[in-house]
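[1] Sequence plus the predicted model coming up.
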Amino acid sequence: MLALMCILSQNKHMPLSDKHRAIVKKILASKVYDVAIVSPLDHLKNFSEEFQNTVYLKREDAQPVHSFKLRGAYNKISQLSEDKRQAGVIAASAGNHAQGVAFSCQHLGIQATIVMPITTPPIKVDAVKRYGAKVILHGDSYDYAYQEALSIATKEKLSFVHPYDDEDVIAGQGTIAKEVLDVLHGDIDYIFIPVGGGGLFAGMLTYIKTVFPKIKVIAVEAEDSACLHEALKQGKRHRLEQVGIFADGVAVKQVGKHPFELVKDLCDDTVQVSTDEICAGIKDIYDDIRAVSEPAGALSLAGIKKYLKKKRIKDKTIVGILSGANVNFHRLRHISERAQIGEKEEALFAVEIPEQRGSFLRFCKYLSGKAITEFNYRYQSEDKAVVFVGIALNDGEAQRQDTHNYLKKEYKVIDLTDNETAKLHIRYMIGGKTSSIQDEALYRFQFPERPGALLNFLVQFGSEFNITLFHYRNHGAAYGRVLAGIEVSDNEKALFKQRLDQLNYSYYNESNNPAFDLFL
């Protein structure tokens, strides 16, 4: 403690404010170990050998609630006055923060109320209830649940526990950095930390830069919810219009006020990863240490993998965070499907071949030596056929490009490997084209998984517009994915846009997607 306080007073060359120093003191004084464990720091032997670096993973999935969120929640709640404890606490969360608050309150004998979106999977609701919390289901998303929780907190004089935008919560999460440095000291070159609202990143970054400022700290975000990257680029907090939902634990539209103030001058770099790369990260973790991570939990390792390849980094010591393992079992099917593409072990192509006997055989012979993983086809015309084909790769991105170039020598071909609509929907529903629909628009929607969601869609569109195509798959998450074709004439476009906005679901116009034109 004394040595660290000396560092606090002497470390003049880093842009550390009084607020940073206050956070470090809170980290040192934290009582998180009343409920949390000092989580393991596992060496990833296979991953390290493959990427020629020494890589460790901090196992926050080993906490009693299988997530780091317990630390921040307990650090906040344990400091409440006796009067506030008697009144009770409230939080809004669809997952890990809810369990952290509920577990902490059960340990301290405090009544907890958790407001969760109606879309929250029953497994998460039941987990919170098992810790003795009162659960209120409200709204289709976190934003609605958050506003409801604030309203109830005001009416009933409850203490609101924010999941990330609170200094005591930030300090609780920062205890992870102390544990890492207590083991490896300054013998670390890079630490990769997942970012949603920024509480974990702010706490760990503050402590690391105070004690060992030479360690490079990299923020890892999902590509479709990179609110910190955008804020750093603009020099101020920026609210994203919409965020992706696959990595739901980090699906935050705006980085927290306190976290951004703490990290804006200290963050060394950021990296963004795709859904496929996250799925590959989940598989990497399982292959190495037999742990099953949730999508947000694998964000860190996915970022390490991408960053090492991009920067060609070798012979360094690197630490990542497995931040949580609260994954719905039924999501694993979707994760497994996408991991192969994320690992660059499969490429997807649309290939035009002649519509005649023996064409498929000739096509397979042309690909002799390459393993075909998928083949979808439906008759379209007398002279040509367009097939959706998956091809196994042994050498990643370079082989994908070589395969594309090889196919182009004999066939018309489009690479669909990065086409989200093709991967989510079209590969499962190829059924041919029609010429009888003149004004068809294609939209991809994210539906809340709750009773009445589909009916709401049909009420908005079914009575006014002709639905020409529909595909839905459940991925075991709070949101389902829907692809819909809708007949919209020119004079109906304004009304159609109005109905889209009234629906209040995230949507994407896919009418110009080449996969749609080729197969549907």
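    Structure's in. What do you need?
[2] any idea which helix or strand comes after the helix or strand harbouring residue 57?
    Following DSSP states H and E, one finds residue 57 within strand 54-59. Using DSSP H and E, the helix or strand that follows strand 54-59 in sequence is helix 69-77.
[3] Next SSE downstream of that following helix?
    Next helix or strand after helix 69-77 toward the C-terminus (DSSP H and E): helix 82-87.
[4] any idea of the mean pLDDT for that next one?
    For helix 82-87, mean pLDDT rounds to 96.
[5] got a list of contacts for that helix?
    108, 109, 110, 156, 157, 158, 159 (C-beta atoms under 8 Å, 6 or more residues apart in numbering). Quick note: C-beta positions are derived from backbone N, CA and C, even for glycine.
[6] Spatially nearest residue to the second one, not counting backbone neighbours?
    Using C-beta to C-beta, 6 or more residues apart in numbering and skipping the chain neighbours, the partner closest in space to residue 109 is residue 85 (7.9 Å).
[7] Only the buried subset of the contacts of helix 82-87, as a ChimeraX command please.
    Those of those that count as buried under 16 or more other C-beta atoms under 10 Å are selected in ChimeraX with:
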select :108,110,158,159
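[8] Dump the contacts of helix 82-87 to a markdown table, plus distance to residue 204, pLDDT and secondary structure.
    A markdown table is the format used below for the contacts of helix 82-87 (distance: C-beta to C-beta, whole Å; pLDDT from 0 to 100; DSSP: H, G, I helix; E, B strand; the rest coil):
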| residue | distance to residue 204 | pLDDT | secondary structure |
| --- | --- | --- | --- |
| 108 | 25 | 97 | helix |
| 109 | 30 | 97 | coil |
| 110 | 27 | 97 | coil |
| 156 | 34 | 96 | helix |
| 157 | 33 | 96 | coil |
| 158 | 29 | 97 | coil |
| 159 | 25 | 97 | strand |
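[9] With distance to residue 337 as added columns, please give the contacts of helix 82-87 in TSV.
    Shown next, in TSV, are these (distance: C-beta to C-beta, whole Å):
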residue	distance to residue 337
108	42
109	45
110	42
156	45
157	48
158	42
159	43
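[10] May I see the buried residues of the helix or strand where residue 304 lies?
    Residue 304 belongs to helix 299-311 when assigned by DSSP H and E. Within helix 299-311, the residues scored as buried using 16+ other C-beta under 10 Å are 299, 300, 301, 302, 303, 304, 305, 306, 307, 308.
[11] Which strands border the strand holding residue 57, and is each parallel or antiparallel?
    strand 41-43 (antiparallel), strand 317-322 (parallel) (DSSP bridges).
[12] Could you identify which of these is most buried?
    strand 317-322 (a mean of 26; mean count of other C-beta atoms under 10 Å).
[13] could you give the angle of that strand to helix 299-311?
    With axes from the mean of the first three to the mean of the last three C-alpha atoms, to 10 degrees applied, the angle from strand 317-322 to helix 299-311 works out at 140 degrees.
[14] tell me the mean pLDDT for strand 317-322?
    Average pLDDT, strand 317-322: 98.
[15] What residues of the next helix or strand after that strand count as buried?
    Next helix or strand after strand 317-322 toward the C-terminus (DSSP H and E): helix 332-342. Going by neighbour count (16+ other C-beta under 10 Å), the buried part of helix 332-342 is 332, 334, 335, 337, 338, 339, 340, 341, 342.
[16] Next, format those as JSON lines and append distance to residue 215.
    Output for the buried residues of helix 332-342, formatted as JSON lines (distance: C-beta to C-beta, whole Å):
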{"residue": "332", "distance to residue 215": "34"}
{"residue": "334", "distance to residue 215": "35"}
{"residue": "335", "distance to residue 215": "31"}
{"residue": "337", "distance to residue 215": "36"}
{"residue": "338", "distance to residue 215": "32"}
{"residue": "339", "distance to residue 215": "30"}
{"residue": "340", "distance to residue 215": "34"}
{"residue": "341", "distance to residue 215": "33"}
{"residue": "342", "distance to residue 215": "28"}
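[17] all helices of the stretch 1-150 of the chain, in order?
    Taking DSSP state H, counting those that start in this stretch to define them, one finds helices in the stretch 1-150 of the chain at 2-10, 18-29, 45-51, 69-77, 82-87, 96-108, 122-130, 142-156.
[18] Which residues does the fourth one contact?
    Residues from elsewhere that reach helix 69-77 (C-beta under 8 Å, 6+ apart): 26, 30-32, 34-36, 63-64, 89, 91, 96-97, 99-101, 103-105, 107-108, 110, 159, 161, 163-164, 166, 168-173, 175-176, 199-200, 203, 324.
[19] filter the residues you listed to the buried ones?
    26, 30, 32, 35-36, 63, 89, 91, 96-97, 99-101, 103-105, 107-108, 110, 159, 161, 163-164, 166, 168-173, 175-176, 199-200, 203, 324.
[20] coming back round to it: looking at the buried residues of helix 299-311, point me to the pair that's furthest apart.
    299 and 308 (15.1 Å; C-beta to C-beta).
[21] Only the C-alpha atoms, please, for stretch 371-382, written as PDB.
    Only the C-alpha atoms of stretch 371-382 are listed here, as PDB (Å, rounded to 0.1, in the frame of the first residue of the first chain):
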ATOM      1  CA  ALA A 371     -13.800 -29.400 -49.500                       C
ATOM      2  CA  ILE A 372     -17.300 -28.200 -50.200                       C
ATOM      3  CA  THR A 373     -19.000 -27.500 -46.900                       C
ATOM      4  CA  GLU A 374     -22.400 -26.400 -48.200                       C
ATOM      5  CA  PHE A 375     -24.300 -26.400 -51.500                       C
ATOM      6  CA  ASN A 376     -27.700 -24.800 -52.000                       C
ATOM      7  CA  TYR A 377     -29.500 -24.600 -55.300                       C
ATOM      8  CA  ARG A 378     -32.900 -24.200 -56.900                       C
ATOM      9  CA  TYR A 379     -33.800 -24.200 -60.600                       C
ATOM     10  CA  GLN A 380     -34.200 -20.700 -61.900                       C
ATOM     11  CA  SER A 381     -34.000 -20.700 -65.700                       C
ATOM     12  CA  GLU A 382     -33.300 -23.100 -68.600                       C
END
